[in-house]
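Colleague: for reference, the sequence and a predicted model appear below.
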Amino acid sequence: MKLLRYGPPGLERPGLLDAAGAIRDLSGLLADIGPDTLSPATLQALAALDPRRLPVVEGAPRLGTPWRGIGKFVAVGLNYGRHAAEAGMLRTPCGRGRHGHSGRTHAVLQMDQLRFGP
């Protein structure tokens, strides 16, 4: 189960991505996805849902940040080109490898790489 938020900026709605890659609407069950939603009890209840019973979101809506209330994010990775080459990763267009970064919340883009729990 992958949780997400979709819709225009500031008007995002909660959803999840089902096994077939369709966005399902969670707004009938949750007001939004935020720190309170990410509690173990709520995540367990969401995991017990049958996504096929939730409404399919039509079209290709904009995906927002994965949850509301992100104040800061920290990313850690390879810090120069030689590390990227050793790891078999492509170099970035500017010729440098991936690196550690701390930044503003609008830069949270790769939701498929977020993992919760063990």
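Modeller: Okay, I see it.

Colleague: so where's the protein shaky on pLDDT?
Modeller: 73-81, 83-84, 89-118 (pLDDT under 70).

Colleague: would you map the helices across it?
Modeller: For the chain, the helices defined by DSSP state H occupy 40-47, 81-86.

Colleague: pick the most deeply packed of these.
Modeller: Ranked by mean neighbour count, the helices of the chain are led by helix 81-86 with a mean of 14 (mean count of other Cβ atoms under 10 Å). In this view, the C-beta of every residue, glycine as well, is placed from N, C-alpha and C.

Colleague: neighbours of residue 87, just the number please.
Modeller: By other Cβ atoms under 10 Å, 11 other residues sit near residue 87.

Colleague: swap in residue 38?
Modeller: Residue 38 has 16 neighbouring residues, counting by other Cβ under 10 Å.

Colleague: correct me, but it touches residue 68?
Modeller: No. Residue 38 is beyond contact range of residue 68, at 10.7 Å (criterion: Cβ atoms under 8 Å).

Colleague: what's near enough to touch residue 62?
Modeller: Applying Cβ atoms under 8 Å, 6 or more residues apart in numbering, we find residue 62 in contact with 6-9.

Colleague: give the bridge partners for the closest residue to residue 57 other than its chain neighbours, please.
Modeller: Among residues not flanking residue 57 along the chain, residue 23 sits closest, at 4.1 Å (Cβ to Cβ, 6 or more residues apart in numbering). For residue 23, the beta-bridge partners are residue 17 (DSSP bridges).

Colleague: ok, which of the helices of the chain comes nearest residue 13?
Modeller: The closest of these to residue 13 is helix 40-47. By Cβ to Cβ, the value is 14.8 Å.

Colleague: what about residue 56, distance to residue 3?
Modeller: From residue 56 over to residue 3 the distance is 16 Å, taken as Cβ to Cβ, to the nearest Å.

Colleague: this completes my enquiry, with thanks.
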